[in-house]
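Undergrad: Have a look at this prediction, sequence included:
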Amino acid sequence: MGERCGWCGDDPLYVAYHDTEWGVPEYDGRALWEKLILDGFQAGLSWITILRKRENFRAAFEGFEPEVIASWGEPEVSQLLTNEGIIRHRGKIEATIGNAQAYLDMGGTQAFADRMWGYVGGAPLVNDFASLGEVPASTPLSTQISKDLKKAGFRFCGPTIVYAWMQACGLVNDHIVGCPARQV
């Protein structure tokens with residue numbers, strides 16, 4: 001067994017996330033949507049910040065149920081802007097509401113999952129990176145998915161955010177060669 005991917009350091013929460021969740025294929029469309037939203041909130045911040053607040057986000061955003069969030073307006077935005085348990089960024093909060101509407105317009109859970117997994121032929125793309133320095137921040141595929149999502153009405157889903165999301169959801173396997181969590 002080799003060493004785990006170095007990005008998680010030795011923080012127990014981060015290590016557990018790396019070992020049991022990051023890179024594990026997620027096929028549930030609602031869960032994929034939630035992770036895309038959280039990756040959007042991460043923009044400009046470290047993932048550990050979001051990970052530490054994830055349960056607060058889930059509570060504040062009604063379990064990330066797009067059917068609920070899509071109907072929200074200014075009262076809910078104003079309330080969320082006072083919630084110290086989440087990232088209080090108006091643009092990201094408003095984008096979440098719009099992204100819920102876009103998700104539903106795409107057809108919801110199964111349609112979203114099928115569309116996202118369709119980009120990779122239904123199975124994770126496996127990369128063979130020997131070090132973190134080889135892992136790209138974005139790829140032509142993440143750029144294409146980003147463009148498609150934006151065309152569908154999504155926001156906070158640029159190519160870098162989309163690639164991080166693809167890694168987190170297991171659409172790509174970027175565990176470095178030798179990482180015990182790689183499981184290829």
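TA: Received it, and whenever you're ready, just let me know what you need. What you are looking at is a predicted structure, and each value in this text was computed from that prediction instead of being measured.
Undergrad: if I look at residue 157, how far off is residue 61?
TA: 17 Å (Cβ to Cβ, to the nearest Å). In this view, the C-beta of every residue, glycine as well, is placed from N, C-alpha and C.
Undergrad: what do you get for residue 112?
TA: 17 Å.
Undergrad: neighbour count winner among these two?
TA: residue 61 (25 against 22; other Cβ atoms under 10 Å).
Undergrad: Correct me if wrong: the more buried one contacts residue 96.
TA: Yes - under the criterion of Cβ atoms under 8 Å, residue 61 makes contact with residue 96 at 6.8 Å.
Undergrad: what do these two both touch?
TA: 37, 69 (Cβ atoms under 8 Å, 6 or more residues apart in numbering).
Undergrad: quick one: low-confidence ranges for this protein?
TA: When residues are selected by pLDDT under 70, those of the chain lie in 1, 184.
Undergrad: the strands in it, which residues?
TA: According to DSSP state E, the chain carries its strands in the segments 125-126, 172-173.
Undergrad: Burial-wise, tell me which of those strands comes out on top.
TA: Most buried of the strands of the chain, by mean neighbour count (mean count of other Cβ atoms under 10 Å): strand 172-173, with a mean of 22.
Undergrad: Report all helices and strands that that strand contacts.
TA: strand 125-126 (3 or more Cβ pairs under 8 Å, 6 or more residues apart in numbering; DSSP states H and E).
Undergrad: tell me what the strand it packs on is packed against?
TA: Short answer (3+ Cβ pairs under 8 Å, 6+ apart): strand 125-126 packs on strand 172-173.
Undergrad: can you give me the helices in this structure?
TA: 12-20, 29-42, 47-60, 66-69, 74-80, 90-105, 109-118, 140-151, 159-168 (DSSP state H).
Undergrad: Pipe these into CSV and attach distance to residue 129 per row.
TA: Putting those into CSV (distance: least, Cβ to Cβ, whole Å) gives the following:
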stretch, distance to residue 129
helix 12-20, 15
helix 29-42, 20
helix 47-60, 18
helix 66-69, 33
helix 74-80, 37
helix 90-105, 30
helix 109-118, 22
helix 140-151, 15
helix 159-168, 11
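Undergrad: So which of the ones you listed is nearest residue 6?
TA: helix 12-20 (9.8 Å; Cβ to Cβ).
Undergrad: list the helices and strands the closest one packs on?
TA: helix 47-60.
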